[in-house]
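1. one predicted model, sequence on top.
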Amino acid sequence: MIPKTITSPDAPQNPGPCSPALKVGDFIFISGQVPLDATNQLVKSSITDQTLQVLHNLVALLAEMNLELRHIVKTTLYLTNKEYLDEVNQIYATYFSQPYPSRSIVMVNELQYGADIMLDATAVDTLSYEQLFRKNDDDDGPVVDCEDCVDGSCNDC
């Protein structure tokens, strides 16, 4: 597998020797996103605005691969103040839905650029599998191309 760098014109470009996101096979590793806008300017007004910018950056990077936040399986959230957690969680819950990605939370003294939040993520590109097992409009079972499968519920496909 050859790693592929993923960038987006709608997300900041990482200064230094790292990729904003790296796709290896079906796995996507998204570098820690701080609240920089697409012009690399820090959004520093409030933790709400910073959180929204970080999530916007994640969405933009995923969109470059036709993926969505639902493809994220793991995040690590870094905060400079534990008092921000409730507000961040309220926003986070509006972007992610059940089943939520697994998440670690790390409290730190300082983040790059003076940001108060950073979020990195791991995603899995399941689009090819979703196409293979797309839902049939007539029932809840998957549509499959397996000759041995009559109703789409066999385990051999």
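-> Nice, thanks for sending it over.
2. which stretches of the chain have low pLDDT?
-> Where the chain drops to pLDDT under 70, the residues are 135-157.
3. again, only this time at 80
-> In the predicted model, the chain carries pLDDT under 80 at residues 1, 14-16, 133-157.
4. what about residue 112, neighbour count?
-> Number of residues near residue 112 (other C-beta atoms under 10 Å) recorded here: 13. To be clear about C-beta, it is placed using only N, CA and C from the backbone, and glycine gets the same treatment.
5. isn't it up against residue 78?
-> No. Assessed by C-beta atoms under 8 Å, residue 112 is found out of contact with residue 78, at 9.8 Å.
6. list the buried residues of the lengthiest helix in the chain.
-> The longest helix of the chain (DSSP state H) is helix 47-63. By neighbour count on 16 or more other C-beta atoms under 10 Å, the buried set for helix 47-63 is 47, 50-62.
7. centre of the chain to it, how far?
-> 9 Å (C-alpha atoms, centre = their mean, to the nearest Å).
8. quick one on the thing from earlier: what touches both of residue 112 and residue 78?
-> Shared contacts of residue 112 and residue 78, defined by C-beta atoms under 8 Å, 6 or more residues apart in numbering, are found at 32, 118.
9. returning to what we had before: so which elements touch the longest helix of the chain?
-> strand 27-33, helix 85-95, strand 117-124 (3 or more C-beta pairs under 8 Å, 6 or more residues apart in numbering; DSSP states H and E).
10. so what strands line up beside the last one?
-> When pairs are called by DSSP bridges, strand 117-124 turns out to pair with strand 27-33 (antiparallel), strand 72-79 (antiparallel).
11. related to what we said a few turns ago, which of the helices and strands packed on helix 47-63 sits closest to residue 74?
-> Checking these against residue 74 by C-beta to C-beta gives strand 117-124 as the closest, at 4.3 Å.
12. quick one: contacts of that closest one?
-> Contact partners of strand 117-124, identified using C-beta under 8 Å, 6+ apart, comprise 26-35, 47, 50-51, 54-55, 58, 62, 67, 71-80, 84, 88, 101, 111-112.
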